[in-house]
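Visitor: Just need the structure, nothing else, for what follows:
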Amino acid sequence: MWLRCGLSCSDRLHRNSLALENAIDVTLLYVLCIILIATVIRSAFGFGEGLVAVPLLAFWIPLPVAAPLAVLVSITVAGIVVVQDWKKIHLRSASWLVFSSLVGIPLGLLLLTSSHQRGVKAVLALIIIAFSVYSSKGRAPLELKQDNRGWLLVCGFCAVVMGGAYGMNGPPLVVYGAMRRWSAQHFRATLQGYFLPASVIGMGGYWLAGLWTHAVTHYYLLSLPLTFLGVFLGRVLNHRLQGESFFKYLYLGLAGIGALLLLQAITGRF
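Guide: Numbers count the residues shown, from 1 in each chain. Below is the predicted model of the structure:
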């Protein structure tokens, strides 16, 4: 009797162990697939991976793990692209965007704790959608022949405010790049010149908050081969995007971000 009980308990433990291992394997596979898709998007267009990675990763792993993991991947992607295409970075633009972002950090944190988040988010969403629809209809948006310090300050400031409050700092940068009519290659490279220091600062904040955990490092190291693959595939796609076709996809992506922001503002889910 005791022997049968021991064998039965042993079998149950073995089955539970196998079930746990299978669950871990499925979770890891899911995380790796999401990171690959997000990295391809980021490498091809220069932005947008956070909107894919964080919400989808949070379905399977805790948000305090998903967010720092996405930032670590962002640093890696930005670093690789900067090394690959540093000659195509508009250094003056990237520098002013980073500088103006530092000024906007306090306001971004203030909005994060504000009681008017939904209203501000709805206004931002409508502006982004209006710009995207207007530009995609073939009407030329405001075009800047050269860097404009005022627009750089405004877009960099708005980028960090949206990043700090809503985790979406890409749209203002995309608006500026569209007004400057950067090529797909310059667009991709210059945005990484901004995202690299911004992501490093963000990761420093996660580290100080104690959110850079063993789980984050574990998933990050396992995802590195697919991150490299995603950067390569995205670069190939980026070099195939030329002229107006690139801006068409750009405006489509912006409109999607605006629609997501508006939906969040209406439903009250953040």
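Visitor: Secondary structure element holding the closest residue to residue 182 other than its chain neighbours?
Guide: Counting by C-beta to C-beta, 6 or more residues apart in numbering, residue 182 lies nearest to residue 190, which is 6.5 Å off, once chain neighbours are set aside. Placement of C-beta: from N, CA and C, glycine included. Taking DSSP states H and E as the criterion, residue 190 maps to helix 184-208.
Visitor: So for that helix, what gets flagged as buried?
Guide: 184-199, 202-203, 206 (16 or more other C-beta atoms under 10 Å).
Visitor: Just checking the distance from it to the centre of its chain.
Guide: Centre-to-centre, helix 184-208 and its host chain are 10 Å apart (C-alpha atoms, centre = their mean, to the nearest Å).
Visitor: Give the next helix or strand downstream of it.
Guide: Counting by DSSP H and E, what follows helix 184-208 is helix 214-240.
Visitor: Identify each buried residue in that following helix, please.
Guide: Going by neighbour count (16+ other C-beta under 10 Å), the buried part of helix 214-240 is 216, 219-220, 223, 226-227, 230-231, 234-235, 237-238.
Visitor: And whichever helix or strand comes after it, what does it pack against?
Guide: Where DSSP H and E defines the elements, the next helix or strand beyond helix 214-240 is helix 243-267. Judged by 3 or more C-beta pairs under 8 Å, 6 or more residues apart in numbering; DSSP states H and E, helix 243-267 is in contact with helix 2-45, helix 117-136, helix 170-180, helix 184-208.
Visitor: thinking residue 200 is in contact with residue 75, fair?
Guide: Yes: Residue 200 is within contact range of residue 75, at 6.0 Å (criterion: C-beta atoms under 8 Å).
Visitor: now the angle between helix 214-240 and the helix holding residue 190, please.
Guide: Put simply, helix 184-208 runs at 170 degrees to helix 214-240, going by axes from the mean of the first three to the mean of the last three C-alpha atoms, to 10 degrees.
Visitor: what's helix 184-208 packed up against?
Guide: helix 2-45, helix 63-85, helix 91-112, helix 149-166, helix 170-180, helix 214-240, helix 243-267.
Visitor: residues touching the closest residue to residue 257 other than its chain neighbours, list them.
Guide: Of all residues not flanking residue 257 in the chain, residue 171 sits nearest, at 5.6 Å (C-beta to C-beta, 6+ apart). Residue 171 makes contact with 124, 128, 159, 162, 254, 257-258 under the criterion C-beta atoms under 8 Å, 6 or more residues apart in numbering.
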